[in-house]
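K.L.:
I'd like to go over a predicted model; first the sequence, then the structure.
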Amino acid sequence: MIPIAPESRYNAMINLREGKISREIFSSREIYEEELEKVFTRAWLFVGHESQIPNPGDFFASRMGAESVILARDKQKKVHVFLNSCRHRGMKVCQYDHGNTQLFTCPYHSWSYTTEGKLFGVPQFKNLYEGCLDKDEWSLIEVPKMETYKGTVWASWDQDAPDLMAYLGDARAHLDLALDCRDGREGGSEVLVGVHKWIIPCNWKFAAENFLGDTYHNVSHRSVDLIGIGPSAEAGVKGRRDNEMDKAQHVWVNFPAGHGVHSAIMPEGWEYTNTYQNNPIVAEYFQHCHEERRRRMGEDRYRLVPFVGTIYPNVSFHGNQPRNLCVWHPHGPESTEAWRFFLVDADAPQEVKDFLRTYYMRYSGPAGMTEQDDMENWNYATAGSRGVIAKRHPYNYQQSMGKVTTDGPVAGNVSLQVSEENPRQFYRRWRDYMQGADWDTLLGRRDSGPASFAE
Ligand code: FES
Ligand SMILES: [Fe+2]
């Protein structure tokens, strides 16, 4: 047997010309380990939200890839992201999910670090380490790249990574729609209460791919649609959401860096659609937001409304009903740790926050009725990627092939019909990361070419 060079191995797995993708990438431990090295140490990853650490000394224990990190605000209010691993023997220096501290003290031998990450205290320093240990050299390991954007905190382990704005590219306009206040003010959102965290027995890519805009799977939510769990459910509106986007032109858009979104463009002159009818205070709030947003953003821009999206590789968002960010942390080849951050306007009335909290929980998270459908699909799709016979047969990614334009109503590669172009672009970039491509290629500034078995 002729050994296959690693580059052509991934070309063979991601066959974009024919729209076929190997099942192997959803179940192989070897590929998973390689992803941790080649994808998760380079791409920009969402770490948390500034509203989670408003005061000096506040921290939130997060993850990047499979590793624990600390999002911390130091005494000068500067935000840091550190690897949550003691420089002595690797013990977690932060054992709590979140809190406030002066020092991160390691439980093992009690080395302690400041909120700036500096090694501060070493027990019996004079007797045991004087002249041997230079504390300045043994700070917590800090990410070389960290940026905040509209309250969200992102980091990359790659010193050479482009800045976050270049990385997000035109996908930013859609992410903004999830991050901005409902009345069109930029930013101004906060994470509502805590973070939902749970483990799903699936490969992380199934979840990330779903949020690229897999509208085709709507049928699997038929039961919740029939029951009607939307914000106006009790007002007699069936569905998972209030149906304000019924008359919209839906767009499925992907971007050179591998991101993909599903958004909608409302008709010209779009008037407020009655939503949140179940609660007059909440309904009035959103009606007010609609008018304000229209005034602030102008007749064109206000018509773009968000649905879902994935920022490559593993940060997804729900832009409207419900509104949240979700990180699909790799947890093993067949295990994903999902973290869902629910967003609300920070200055919204408490009544609105309370109402949204119950709707968010009804919809998303480990007990969310819609999310349960998705989890079951991803769970069995992962199991179906494992079988000896099954793995001989690739998955079909041929939906709406060729039905894409760069001349659409929004920037990016746009499809005006339900499409798998977004996952095709996502896996093209995934392949490029796995082949160790340079940043020009990863940002789509240099064409890495289609992949096919024939290459
Ligand atoms: S492992 Fe942290 S002090 Fe030893
Ligand atoms: Fe779904």
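P.N.:
Sure thing, it's come through. Ligands and ions are numbered 1, 2, ... in the order given.
K.L.:
What is the burial count for S68?
P.N.:
Neighbours of S68 under the rule other CB atoms under 10 Å: 15. In short, each C-beta sits where N, CA and C put it, glycine included.
K.L.:
Pull up the gap between it and R172, please.
P.N.:
Using CB to CB, to the nearest Å, one gets 28 Å for the distance from S68 to R172.
K.L.:
now E33
P.N.:
As defined by CB to CB, E33 lies at a distance of 32 Å from R172.
K.L.:
Same check on N11?
P.N.:
As for N11, its distance to R172 is 30 Å (criterion: CB to CB).
K.L.:
of E33 and R172, who's got more company?
P.N.:
R172 (19 against 13).
K.L.:
what sits against H49?
P.N.:
Residues touching H49, when contacts are defined by CB atoms under 8 Å, 6 or more residues apart in numbering, comprise 151-153, 190-191, 325, 341.
K.L.:
Quick check: the farthest pair among those?
P.N.:
Comparing all pairs in the contacts of H49 by CB to CB, the longest separation belongs to V153 and E190, at 13.2 Å.
K.L.:
where along the stretch 1-150 of the chain do the strands fall?
P.N.:
If you assign secondary structure with DSSP state E, counting those that start in this stretch, the strands in the stretch 1-150 of the chain sit at 14-15, 20-21, 45-49, 58-64, 67-73, 79-83, 98-100, 103-105, 112-114, 119-121, 145-149.
K.L.:
now, of the ones you listed, which is deepest in the fold?
P.N.:
With neighbours taken as mean count of other CB atoms under 10 Å, those reach their highest mean count in strand 45-49, at a mean of 25.
K.L.:
what's the angle between that strand and strand 67-73?
P.N.:
For the pair strand 45-49 and strand 67-73, the angle between their directions (axes from the mean of the first three to the mean of the last three CA atoms, to 10 degrees) equals 40 degrees.
K.L.:
so what's Y216 closest to, chain neighbours aside?
P.N.:
Of all residues not flanking Y216 in the chain, V418 sits nearest, at 5.4 Å (CB to CB, 6 or more residues apart in numbering).
K.L.:
Tell me if I'm right that the one you found and H262 touch.
P.N.:
No - between V418 and H262 no contact is recorded; they are 9.0 Å apart, counting by CB atoms under 8 Å.
K.L.:
what about the two, which has more around it?
P.N.:
Legend: neighbour count by other CB under 10 Å for V418 and H262, higher for H262 (24 against 16).
K.L.:
Looks to me like the more buried one is in a strand.
P.N.:
Yes - with DSSP: H, G, I helix; E, B strand; the rest coil as the criterion, H262 is located in a strand.
K.L.:
Read off the pLDDT value for it.
P.N.:
Looking at H262, its pLDDT reads 98.
K.L.:
Next up, the contacts around it.
P.N.:
When contacts are counted by CB under 8 Å, 6+ apart, H262 is found next to 212-213, 215, 250-253, 307-309, 422.
K.L.:
rerun at 6 Å
P.N.:
Neighbouring residues of H262 by CB atoms under 6 Å, 6 or more residues apart in numbering: 213, 252, 307-308.
K.L.:
bridging residues for it?
P.N.:
According to DSSP bridges, the residues that bridge with H262 are W252, V308.
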